[in-house]
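Visitor: my questions are about this predicted structure, shown below with the sequence.
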Amino acid sequence: MREIRGEFLARGRRFALVVSRFNEIVTGKLLAGAIECLRAHGVDEDDLVVAWVPGAFELPTAARRAAASGYDAVICLGAVIRGETAHFEHVAGQAANGIRAAADETGVPVIFGVLTTDTFEQAMDRSGGKHGNKGWDAAMAAMETASVLEQFPKEAGG
Ligand code: INI
C-alpha cells in the first residue's frame with residue numbers, strides 16, 4: 001500500500017489569497033493569519049498575491065481566474081454573518097458552491113476560508129480570538145492539498 005500525505009511547505013509554491021472587503025475587520029484578521037502561516041512555512045514574498053473583492057459572493061470569480069493563472073493554491077477568505085444579512089443563505093451558499101466549482105474546473109486547490117456565523121462576535125472568535133484563526137487553518141489546507149496533488153502524476157494531456 002502506498003499512502004500519500006501532504007506536507008506543510010510553502011517554499012517554492014505560489015499562493016493567491018482572495019479576500020472579501022465586506023466585514024473587513026474580520027477578513028483582515030483572517031488574511032493576517034493566513035500570511036503569518038505561509039511565512040512560518042517558508043513562503044517567498046514574491047510568491048504571494050493578495051486580491052481584494054467586494055464580498056464573499058465575488059470570491060469564486062476572482063478565485064477561478066487566479067487558479068487558472070498558475071498559482072499552486074488559492075485561498076478564499078470571507079465572513080458572512082447571519083445577523084447582518086437577510087440573504088445570508090444565498091451569499092454563503094453561492095460562495096461555497098462557486099469555490100467548489102473553481103477548484104473542480106481548474107484542478108487547483110481553492111480553499112474555503114469563509115466564516116459563516118450567526119454573530120459578529122463568533123466571527124471575531126474565529127479570526128484570531130478564542131477559537132483560533134480560520135485564515136491560518138485555510139493556509140494549512142492550501143499547502144497540504146497542493147502537496148497531495150503534486151504526488152499524483154498529471155492527467156494525460158493535462
Ligand atoms: N458579503 C459578505 O462577504 N458577507 C456578508 O455578510 C454579506 N452580507 O451581509 O450581505 C455580504 N454581502 C455582499 C455580497 O457578498 C456581494 O458583494 C454583493 O451582493 C454584490 O454582489
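Guide: Yes, it's here. Residues are numbered from 1 along each chain as shown.

Visitor: going by C-alpha atoms from here, please, whenever you check contacts or count neighbours.
Guide: OK.

Visitor: from the chain's centroid, how far away is the helix or strand hosting residue 101?
Guide: Using DSSP states H and E, residue 101 sits within helix 88-106. Centroid separation between helix 88-106 and its chain, computed with C-alpha atoms, centre = their mean, to the nearest Å, is 12 Å.

Visitor: repeat for stretch 15-31
Guide: Computed by C-alpha atoms, centre = their mean, the chain-centroid distance of stretch 15-31 equals 10 Å.

Visitor: can you give me the pLDDT of residue 155?
Guide: Note for residue 155: predicted pLDDT of 68.

Visitor: residues contacting the residue nearest in space to the middle of the chain?
Guide: The centre of the chain sits closest to residue 75, judged by C-alpha atoms, centre = their mean, with a distance of 2.3 Å. Residues near residue 75 by C-alpha atoms under 8 Å, 6 or more residues apart in numbering: 15-18, 63, 110-113, 138-139, 142.

Visitor: tell me which residues of the helix holding residue 101 are tucked away?
Guide: Neighbour-count burial for helix 88-106, counted by 16 or more other C-alpha atoms under 10 Å, picks out 88, 91-92, 94-96, 98-100, 102-103, 106.

Visitor: list the residues that contact the closest residue to residue 133 other than its chain neighbours.
Guide: Once flanking residues are discounted, residue 133 sits nearest to residue 127: 4.3 Å by C-alpha to C-alpha, 6 or more residues apart in numbering. By C-alpha under 8 Å, 6+ apart, residue 127 lies in contact with 26-27, 29-30, 33, 133-135.

Visitor: now, the residues you listed that are in helices?
Guide: Members of the contacts of residue 127 lying in helices (criterion: DSSP state H): 26-27, 29-30, 33, 134-135.

Visitor: just the closest of the residues you listed to residue 82, please.
Guide: residue 26 (14.2 Å; C-alpha to C-alpha).

Visitor: for the closest residue to residue 92 other than its chain neighbours, what are phi and psi?
Guide: Excluding its sequence neighbours, the residue lying closest to residue 92 (C-alpha to C-alpha, 6+ apart) is residue 80, at 6.3 Å. Dihedral pair for residue 80: phi -110, psi 120, per degrees, to the nearest 10.
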